[in-house]
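Peer 1: Following is a predicted model, sequence given first.
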Amino acid sequence: MSSPVQSYLEDLYTRLAQDDSGEIADYIPELALAERSSFGIALATVDAAIYEVGDTRLPFTIQSISKPLTFALALESSGEQVRERVGVEPTGEAFNAIDLDPLNPLVNAGAILTRSLLGVDPDPSPLQGYGAFAGRELSIDDRVRQSESHTAYRNRAIAHLLRGAGRFDGDPDEIVESYIAQCSVLVDCRDLAVIAATLAAGGRNPFTGRRVASPDTVRDVLSVMATAGMYDAAGDWLYDVGLPAKSGVAGGVIAVLPGRLGIGVFSPPLDERGNSVRGVRVCEELSQSLDLHIFNHAHRGASPVRRTFTLAEMTSKRQRDPAVAAQIEREGARARAFELQGDLGFAEAEQVTRAVLDAPAELVVLDLRRVRNVHEAAIALLAGLGDRINALSAAPDELTQAMSAQPFEELDRALEFFENRLTGDTAAPALASIGDHPVLRGISADDLRLLEGQLAPRYFAAGDYLMRAGEAVNELLLITSGVVSETVHLASGDERRVATLTAGMTIGELALLTGSHRVADARADTEVECHALPADALAGLRRLDAELRSTLLRNLLETVAARSTRTRQDLATLVD
């Protein structure tokens, strides 16, 4: 099954590919040769998932997207010296303005000054650093480098003014050549997404696991990208799109949602401000339709998938016949539950969809009891999983409708639904006779006749209470037909099922054996037939038949032990 995220990007690509507006940069002759129809979109997450569509492996030069990376490398090597010598104030001027005050690392004057802090190797010393961000070895396009060098009069003028003002030492022309070389590094759209994801992950490349920059460095880089990354459109960009970003005149754009994902777009035609037309539109639509604005995400942190488990690992509270229980244990891996938490926006829903698609399960339930809010972008994305999600626990109506899934108020009921789907077992058949009751196994025919003389039949209509919480138990009930649920009342006022029992099971054995009071209500879900063994009759068996009493007590203790083990498993896997 195709990922809903992939489907969304493919639809976005198809729509925006029709936009042929903008002009290709021609002030660098080699860039003017780009094909205007080239277009690619890539999205990479901080946990190493990537989605791509279009010309995502077509190489182009990184251009000004190199600036935040050089800034990061300078911060790593020179620290506060970079802030003191370069500054971070937005200029309000064009990216290539001949103005030395104020400067920041993302306009040409500040970028040249930042580059001077890393030396003047004509093959840029940052090249390996760029490769670490992208997760692969990169190279330089010599044709673009030569083309830029032949037309770099303005940048040389800026460098000479900086040198004349004492802002750096060394040969200005050598610094400019190094700066041109860094702008001529070849990347593709996928590389841009990985670079952005590395920044989103606080400086650790999600795909290689390598630490590229410190979290403090990434914080400073993203701050400057947010305020100055889109040239003189940066203010509108932060207001409308709300993602730290950087563009390049070859048509590349990167955008970062910290802690979540990175976006890379490539499309050569540029708008009047020097930003890729399609690149801007992609980021605008992703931000608006998928709720990616950075200031909507300050409260988000933990993974949306709190935990996941199969029916082989945790079953419902419905007690099953041993043969049915064994089948559930064998086939339980076919059904998987995902317990979600927090707020679900696009980024969180993407993680959920990937987790579901990666799970080898035929039946899937989403448990949303711990989800606070579900954004419409998440609903749209999760709706794409409609044919994989069979049940929803505590889901909002709009999500249930969008996914056409079976709704349940409790996870426990959804697990029971899955068990019934796996086994076809909805209710145990009535016992042919009281002698077929499992608690009476091992009892001889003579002893059984003796015991049957002590049993009294009981009949209950649906809704009747067989036993009430707080009552003293004076008899053991052996169910021979029907369904009974045991429930407890929580301090919150809610009612919680602790067990559902069917023919062949008992009620009251623990309280009877220990002399304690009931802690749960036992209520008939259907018409119920059972047989009651009074407490005094059980005590009397000691005098009448010690072997009978011993066998019966052993069977009861095994039942109590099995339920105790089940309770411990539930407590270990389910914390309310």
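Peer 2: Nice, thanks for sending it over.
Peer 1: Helices of the stretch 251-400 of the chain, residue ranges please.
Peer 2: Per DSSP state H, counting those that start in this stretch, the stretch 251-400 of the chain carries helices over the ranges 277-290, 322-331, 346-358, 376-383, 397-403.
Peer 1: What lies in contact with the helix or strand following the last one?
Peer 2: When you say that, I think you mean helix 397-403. Sequence-wise, the next helix or strand downstream of helix 397-403 (DSSP states H and E) is strand 406-408. Defining contact as CB atoms under 8 Å, 6 or more residues apart in numbering, one finds that strand 406-408 is touched by Val365, Asn390, Ala391, Leu392, Ser393, Ala394, Ala395, Thr400, Ala414, Phe417. No exception for glycine: its C-beta is placed from N, CA and C like everyone else's.
Peer 1: rerun that using 10 Å as the cut-off
Peer 2: 365, 367, 389-397, 399-401, 413-418, 421 (CB atoms under 10 Å, 6 or more residues apart in numbering).
Peer 1: That strand: what's the following helix or strand?
Peer 2: Immediately after strand 406-408, counting by DSSP H and E, sits helix 411-423.
Peer 1: tilt between that next one and helix 322-331?
Peer 2: 90 degrees (axes from the mean of the first three to the mean of the last three CA atoms, to 10 degrees).
Peer 1: Against which helices or strands is helix 411-423 packed?
Peer 2: If contacts are counted by 3 or more CB pairs under 10 Å, 6 or more residues apart in numbering; DSSP states H and E, helix 411-423 sits against helix 322-331, strand 335-344, strand 363-374, strand 391-393, strand 406-408, strand 495-502.
Peer 1: Name the residues of it that are buried.
Peer 2: Leu411, Asp412, Arg413, Ala414, Leu415, Glu416, Phe417, Phe418, Glu419, Arg421, Leu422, Thr423 (16 or more other CB atoms under 10 Å).
Peer 1: Can I get it in CSV? Just the C-alpha atoms.
Peer 2: In CSV, the C-alpha atoms belonging to helix 411-423 read as follows (Å, rounded to 0.1, in the frame of the first residue of the first chain):
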residue,chain,number,x,y,z
LEU,A,411,-9.4,-0.4,23.8
ASP,A,412,-10.5,-3.5,25.6
ARG,A,413,-13.7,-3.8,23.5
ALA,A,414,-11.6,-3.2,20.3
LEU,A,415,-9.3,-6.1,21.3
GLU,A,416,-12.3,-8.3,21.8
PHE,A,417,-13.6,-7.3,18.4
PHE,A,418,-10.3,-8.4,16.9
GLU,A,419,-10.3,-11.7,18.8
ASN,A,420,-13.7,-12.5,17.4
ARG,A,421,-12.5,-11.6,13.9
LEU,A,422,-9.6,-13.9,14.3
THR,A,423,-11.4,-16.9,15.8
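Peer 1: OK, contacts around Tyr465?
Peer 2: Contacts of Tyr465 by CB under 10 Å, 6+ apart are Glu471, Val484, Asp521, Ala522, Arg523, Ala524.
Peer 1: that's a strand at the fifth one, yeah?
Peer 2: In other words, Arg523. Yes - checked against DSSP: H, G, I helix; E, B strand; the rest coil, Arg523 lies within a strand.
Peer 1: any idea how far the nearest residue to it once chain neighbours are set aside is from Leu512?
Peer 2: Distances taken as CB to CB, 6 or more residues apart in numbering put Tyr465 closest to Arg523, at 5.2 Å, once the chain neighbours are dropped. Using CB to CB, to the nearest Å, Tyr465 is found at 17 Å from Leu512.
Peer 1: go on, Ile254?
Peer 2: For Ile254 relative to Leu512 (CB to CB), the value is 70 Å.
Peer 1: same question, Arg273
Peer 2: 81 Å.
Peer 1: These two: which is more packed in?
Peer 2: Each of Arg273 and Leu512 has its neighbours counted (other CB atoms under 10 Å); Leu512 has more, 21 against 16.
Peer 1: count of neighbours near the nearest residue to Arg413 once chain neighbours are set aside?
Peer 2: Distances taken as CB to CB, 6+ apart place Ser316 nearest to Arg413, at 7.3 Å, with adjacent residues excluded. Counted with other CB under 10 Å, residues neighbouring Ser316 total 22.
Peer 1: Please apply the same query to Asp142.
Peer 2: Asp142, neighbours per other CB under 10 Å, totals 11.
Peer 1: List the contacts of the nearest residue to Val187 once chain neighbours are set aside.
Peer 2: For Val187, ignoring the flanking residues on the chain, the nearest one in space by CB to CB, 6+ apart is Ile62 at 4.9 Å. Contacts for Ile62 (CB under 10 Å, 6+ apart) come out as 69, 130, 134, 138, 140-141, 144, 182-187, 191-192, 195, 246, 248, 250, 252, 254.
Peer 1: Where helices are concerned, which of those residues count?
Peer 2: Leu69, Tyr130, Ala134, Val144, Gln182, Cys183, Asp191, Leu192, Ile195 (DSSP state H).
Peer 1: So which of those residues is the closest to Glu285?
Peer 2: Nearest to Glu285 among the ones in helices among the contacts of Ile62, counting by CB to CB, is Leu192 at 17.3 Å.
Peer 1: Let me see the contact set for the closest one.
Peer 2: Going by CB under 10 Å, 6+ apart, the list of residues near Leu192 reads 40-42, 44, 56, 60, 62, 65, 133-134, 246, 248, 252-255, 262-266, 279.
Peer 1: Now it: closest residue in space, sequence neighbours ignored.
Peer 2: Gly264 is the one closest to Leu192 (CB to CB, 6+ apart), at 2.9 Å.
Peer 1: Hmm, Ala524 is touching Thr500, no?
Peer 2: No - using CB atoms under 10 Å, Ala524 is not in contact with Thr500, being 11.1 Å away.
Peer 1: Give me the common contacts of those two.
Peer 2: Val483, Val484, Ser485.
Peer 1: between those residues, which has the most around it?
Peer 2: Val484 (26 neighbours).
Peer 1: Can you point out the helix or strand that includes that one?
Peer 2: Judged by DSSP H and E, Val484 forms part of strand 483-489.
Peer 1: mind checking how far that strand is from the chain centre?
Peer 2: Relative to the chain's own centre, strand 483-489 is displaced by 35 Å; criterion: CA atoms, centre = their mean, to the nearest Å.
Peer 1: Quick check: buried residues in stretch 222-235?
Peer 2: Here stretch 222-235 shows Leu222, Val224, Met225, Ala226, Thr227, Ala228, Gly229, Met230, Tyr231, Asp232, Ala233, Ala234 as buried, counting by 16+ other CB under 10 Å.
Peer 1: Show me how far it is from its chain's centre.
Peer 2: 29 Å.
Peer 1: average model confidence for it?
Peer 2: In this model, stretch 222-235 has a mean pLDDT of 88.
Peer 1: Endpoint to endpoint, it covers what distance?
Peer 2: 14 Å (CA to CA, to the nearest Å).
Peer 1: now the strands: where do they sit in the stretch 151-300 of the chain?
Peer 2: Secondary structure of the stretch 151-300 of the chain by DSSP state E, counting those that start in this stretch: the strands cover 186-187, 245-247, 252-257, 261-266.
Peer 1: Paired strands for the first one, with orientation please.
Peer 2: Within its sheet, and counting by DSSP bridges, strand 186-187 is paired with strand 60-61 (antiparallel).
Peer 1: got the contact list for the strand it pairs with?
Peer 2: By CB under 10 Å, 6+ apart, strand 60-61 touches 28, 30-31, 34, 38, 40, 140-141, 143-145, 147-148, 182-189, 191-192, 248-252, 266, 268.
Peer 1: follow-up on the earlier one: could you redo the shared contacts of Ala524 and Thr500 as CSV and give each row pLDDT and distance to Arg549?
Peer 2: Output for those, formatted as CSV (pLDDT from 0 to 100; distance: CB to CB, whole Å):
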residue, pLDDT, distance to Arg549
Val483, 92, 30
Val484, 93, 26
Ser485, 93, 30
